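1. output the structure for:
(2 chains)
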Amino acid sequence: KAGVTQTPRYLIKTRGQQVTLSCSPISGHRSVSWYQQTPGQGLQFLFEYFSETQRNKGNFPGRFSGRQFSNSRSEMNVSTLELGDSALYLCASSDGFSGGELFFGEGSRLTVL
Amino acid sequence: DQQVKQNSPSLSVQEGRISILNCDYTNSMFDYFLWYKKYPAEGPTFLISISSIKDKNEDGRFTVFLNKSAKHLSLHIVPSQPGDSAVYFCAASEPGGYQKVTFGTGTKLQVIP
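-> You can find the predicted model right below:
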């Protein structure tokens, strides 16, 4: 069974640009969550999508957005990048009812210069 | 507002001894608690969980204890092995089955051979 796949693994952007990250969940999983990991802050919840609907949202500005497609694949977008957006962005999939037992991808490492 | 706190950023233990990782939480609505393990360049991996109706859950060398009155949980690893060296994240979720998980900042465990 293939795991969670995130692309790209690494990317470098400059301030003001936008970026789109992609996540393919485990087959059969309908929930995709996104997390931001920065040093000293742990993992911060961005949002969760279930069957193409945003079901939950964290405390991030509107520059952070996402969507989910009918095949459960998800994308997240960050517009008008700031230096502080440099982080590891992790995608996690689940059946949507596991209470927090998530399967994570390896992450997309974003560096904003 | 850090609702899940891991006050020890690092811990070193001799191989074969017990590792005890601690976690405190402030949100009384949390009803499900989890521990994740993360190796460098990999996404977090679910390790063990406990429901708020229990005070102990055991899985092989790993045991999680929950003290609801103190809003405290701990992960015990016995015996510790060098392969256990990783960052351990404490996490919690609220009722509803949704996948919004609140993570702590992590404790880096080093098991010395």
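
2. what helix or strand is the closest residue to residue B:76 other than its chain neighbours located in?
-> Spatially, and ignoring its direct neighbours in sequence, residue B:76 is nearest to residue B:63 (4.6 Å; Cβ to Cβ, 6 or more residues apart in numbering or on different chains). Every residue, glycine included, has its C-beta placed from N, CA and C. For residue B:63, the element it lies in under DSSP states H and E is strand B:62-67.

3. what residue is smack in the middle of chain A?
-> Among the residues of chain A, the one closest to the centroid is residue A:34, at 3.2 Å (Cα atoms, centre = their mean).

4. how about the contacts made by the residue in chain A that chain B sits nearest to?
-> Among the residues of chain A, residue A:104 lies nearest to chain B; the distance is 3.1 Å by Cβ to the nearest Cβ. When contacts are counted by Cβ atoms under 8 Å, 6 or more residues apart in numbering or on different chains, residue A:104 touches A:4, A:90-92, B:43-45.

5. pick out the most distant pair among those.
-> Greatest spatial distance in the contacts of residue A:104: A:91 and B:45, 14.2 Å, computed using Cβ to Cβ.

6. those two: which is more packed in?
-> residue A:91 (31 against 14; other Cβ atoms under 10 Å in any protein chain shown).

7. now do the contacts for the more buried one.
-> With contact taken as Cβ under 8 Å, 6+ apart, residue A:91 is in contact with A:4, A:6, A:21, A:23, A:25, A:32-35, A:74, A:76, A:104-105, A:107-108.
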